[in-house]
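1. the sequence and its predicted three-dimensional model are supplied below.
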Amino acid sequence: MLMLAFTALWYGYLNPFTLFVASIIMGMGIDYSIHFMGNCQIQQSRSGDLKDALKKTIEHLFRPMFLAALTTASGLLTLLFAHFTGFYEFGVIAAVGITLSVTSALFALPVFILTLNGLPPSPDRRIIPDSWTNADIGRIINRLAIAALVISVPLIFMSQFTEFEHDFQKLRRPKRENVTRISTGVAQGGKRTTSTPAVVMGDDPAQLDQLYDTLMVRLHEEKDPYLRSFLTLKTFVPSQEDQEERLELIEEIRDLAEARVFDRATGSDSLNIALLRKFTAIDSTFSVEDLPAWSVDMLREKDDTYGNIGFIYGKFRGGDAREIAKFQDRYSHWNFGGQDLRVFSSQFIISDVVKVVKKDSLTMAVLIISVILLILILSLRKPRLVLISGASLLMGVIWTVSFMGLFTLAFDVCKLGIYNIIVIPTVIGVGIDATIYMLIAWIDTYRHRGGLKALYNNMGKMVMASTTTTMAGFGGVLFISHRGMRTIGEIAVLGLFLFLCSSQIFIPWLAQKLFQPTNQDEG
């Protein structure tokens, strides 16, 4: 509620990328309350005193919750470096939502718990069977980690199939079947045509004449597959020299048509001869003033001048950013007489947005990983702890990118696109939370001689619950009919699940290898 209030005061509106941020923050923000209540139940069962349990819970969780919120919010705020407005607005709003969520869990939730006279006893639901010892769990984790590393070697080659979706037609709402539509016939055009022209403006009609000559060569001699047609004033009014040359040809045709032999023509031949004699009855050139008003109005500017504007019609699918980019490269840059012509097209916006988003996605991925590693170094301080958390983060990234490539190849889903780039910092920022909770819980668990069994039955269970709620928050997006928006849920759910698996396997495994107390209890 406070996050939406901030949005209303700061921005005053929601855009297509922030419209679903409330459901996502409900999934992400509840994580902190789950950890707080779970730990409070454990502390209360140990001490029997509610106030003491709340105090110990805050002391125990303040550091990991603060660190988890800091990494998540920092990851979201890397969207501030995006050039696309919708992205950095999502980053700001979501980062504020995370900050308010952790603040509420640490300071408001204890008040609610005291008001309701405590929490119910913690249910005795253990992930690990009682018959298993810490040594048994250690052997299982060791096998799982080795198996995961072995599988990751061939799996990483699937990352090359991770694609960026350039075809906007595939991102729209699916068409309804069995709906009666008005037939448009040939007006609909082919699959490689677009009716949106590129508008070319110059400072001198001579520049547009040179453009006309160049386009004539490209269309008729070079046969450029991306050029359908074009229109300038010279299309209607050829040069004086061209008109005089054509008049000579017209005169020759007229002399032939006037031959007396054609007077004996009958039927359709007689009609054709009559039309030919009529059309060749011209002996002078013409100018713009002789044209119909509708034709000149197509090229007339607001100041009532004409001759400085032209239109270029491409032959490509208007929804494919790659084909738009090829047309843009060919026809958006012109220079005649040492002066550049100005070219505009709404299609170019699609191409430019995709270029910016692809550049932003790489920048944000590098930036968020760098920021998170810096925060871990400053917070954990011990190189071994940083190495353990960094390795878990790296495996989560590798698995996510690899499975995205696998699903793209097998099912044509989980492609990156302009709608789901915001998922990159979100998944990495939230995914590192599980790593942080598991690592700090490992240190605390072995301090109390609990071992792996206590780690999984306490913190492991809460990490699974909190990650699952976050996945559920993104899972709501899976039911959106717009396919572009739906990819947000696809990538987020996949990434969060894989980051959860990475933290549950590699944090305990690496911690045993690199940060295991010498006097731990194996029983």
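-> Perfect, I can see it now. All values derive from a computational prediction rather than experimental measurement. Numbering: from 1, shown residues only.

2. what's the distance between the spatially closest residue to L341 that is not a sequence neighbour and S239?
-> Nearest non-adjacent residue to L341, counting by C-beta to C-beta, 6 or more residues apart in numbering: W334, 4.1 Å away. From N, CA and C alone the C-beta is placed, and that goes for glycine too. Distance of W334 to S239, given as C-beta to C-beta, to the nearest Å: 19 Å.

3. neighbour count for those two, which is higher?
-> W334 (20 against 13; other C-beta atoms under 10 Å).

4. I figured the more buried one was touching T232, is that so?
-> No - between W334 and T232 there is no contact, the gap being 11.9 Å when judged by C-beta atoms under 8 Å.

5. what's the overlap in contacts for those two?
-> Common contacts of W334 and T232 (C-beta atoms under 8 Å, 6 or more residues apart in numbering): L211.

6. thinking again about what came up before, contact partners for the residue nearest to L341?
-> Contacts for W334 (C-beta under 8 Å, 6+ apart) come out as V200, Q207, L211, D340, L341, V343.

7. now that we have these, which of them are buried?
-> V200, Q207, L211, L341, V343 (16 or more other C-beta atoms under 10 Å).

8. just the ones in strands from the residues you listed, please.
-> Within the buried ones among the contacts of W334, residues falling in strands by DSSP state E are V200, L341, V343.

9. these two touch, right, the second one and A198?
-> No - L341 is beyond contact range of A198, at 10.6 Å (criterion: C-beta under 8 Å).

10. turn the ones in strands among the buried ones among the contacts of W334 into a markdown table, columns for pLDDT.
-> As requested, these are exported to a markdown table (pLDDT from 0 to 100):
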| residue | pLDDT |
| --- | --- |
| V200 | 95 |
| L341 | 94 |
| V343 | 95 |
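
11. between those, which is closest to L54?
-> L54 lies nearest to V343 out of these, by C-beta to C-beta, at 65.8 Å.

12. distance to F17 for the ones in strands among the buried ones among the contacts of W334 - can I get that in JSON lines?
-> Putting those into JSON lines (distance: C-beta to C-beta, whole Å) gives the following:
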{"residue": "V200", "distance to F17": "33"}
{"residue": "L341", "distance to F17": "35"}
{"residue": "V343", "distance to F17": "29"}
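
13. ok, then the element right after the longest helix anywhere in the chain?
-> When the chain is scanned for its longest helix (criterion: DSSP state H), the result is helix 346-380. Moving toward the C-terminus from helix 346-380, the next helix or strand (DSSP states H and E) is helix 383-411.

14. follow-up on the earlier one: just curious, which of the contacts of W334 is nearest to M65?
-> Ranking the contacts of W334 by separation from M65, with C-beta to C-beta as the measure, puts V343 on top at 53.4 Å.

15. hang on, isn't that closest one packed against R330?
-> No - between V343 and R330 there is no contact under C-beta under 8 Å: 10.8 Å.

16. got the contact list for the closest residue to W132 other than its chain neighbours?
-> Using C-beta to C-beta, 6+ apart and skipping the chain neighbours, the partner closest in space to W132 is K453 (6.7 Å). Contact analysis of K453 by C-beta under 8 Å, 6+ apart lists I128, W132, T133, N134, I137.

17. now do Q207
-> Contact analysis of Q207 by C-beta under 8 Å, 6+ apart lists N308, W334, F336, G337, Q339, L341.

18. ok, now K51?
-> Going by C-beta under 8 Å, 6+ apart, K51 touches L114.

19. in the helix or strand containing it, which residues are buried?
-> According to DSSP H and E, K51 maps onto helix 50-77. Buried residues in helix 50-77, counting neighbours by 16+ other C-beta under 10 Å, are found at 50, 53-54, 56-58, 60-61, 64-65, 67-77.

20. what of stretch 302-317?
-> Applying 16+ other C-beta under 10 Å to stretch 302-317 flags Y306, G307, N308, I309, G310, F311, I312, Y313, G314, K315, F316, R317 as buried.

21. wait, the last one sits on Q347?
-> If I follow you right, that is R317. No - between R317 and Q347 there is no contact under C-beta under 8 Å: 10.4 Å.

22. now E163: how far from D360?
-> Applying C-beta to C-beta, the value for E163 to D360 is 17 Å.

23. settle it for me: which of these two has more neighbours?
-> Ranked by neighbour count (other C-beta under 10 Å), E163 and D360 place D360 first, with 22 against 15.

24. tell me the pLDDT of that one.
-> The score at D360 is 80. That number is its pLDDT.

25. any idea how far it lies from L19?
-> Going from D360 to L19 by C-beta to C-beta gives 20 Å.

26. could you do I312 as well?
-> I312 is 36 Å from L19, by C-beta to C-beta.

27. how about D283, what does it touch?
-> Contact analysis of D283 by C-beta under 8 Å, 6+ apart lists L247, E251.

28. what about it, which SS state?
-> coil (DSSP: H, G, I helix; E, B strand; the rest coil).

29. read off the pLDDT value for it.
-> So D283 comes in at 84 (pLDDT).

30. so what's I432 up against?
-> Listed by C-beta under 8 Å, 6+ apart, the contact partners of I432 are A68, T71, T72, G75, I372, L376, S389, L393, F499.

31. host element of it?
-> Using DSSP H and E, I432 maps to helix 423-447.

32. quick one: the strands in the stretch 51-200 of the chain?
-> With strands called from DSSP state E, counting those that start in this stretch, the stretch 51-200 of the chain shows them at 198-201.

33. for the helix or strand just after the helix holding I432, what is the average pLDDT?
-> The C-terminal neighbour of helix 423-447 among helices and strands, as given by DSSP H and E, is helix 451-455. Mean pLDDT, computed over helix 451-455, is 86.
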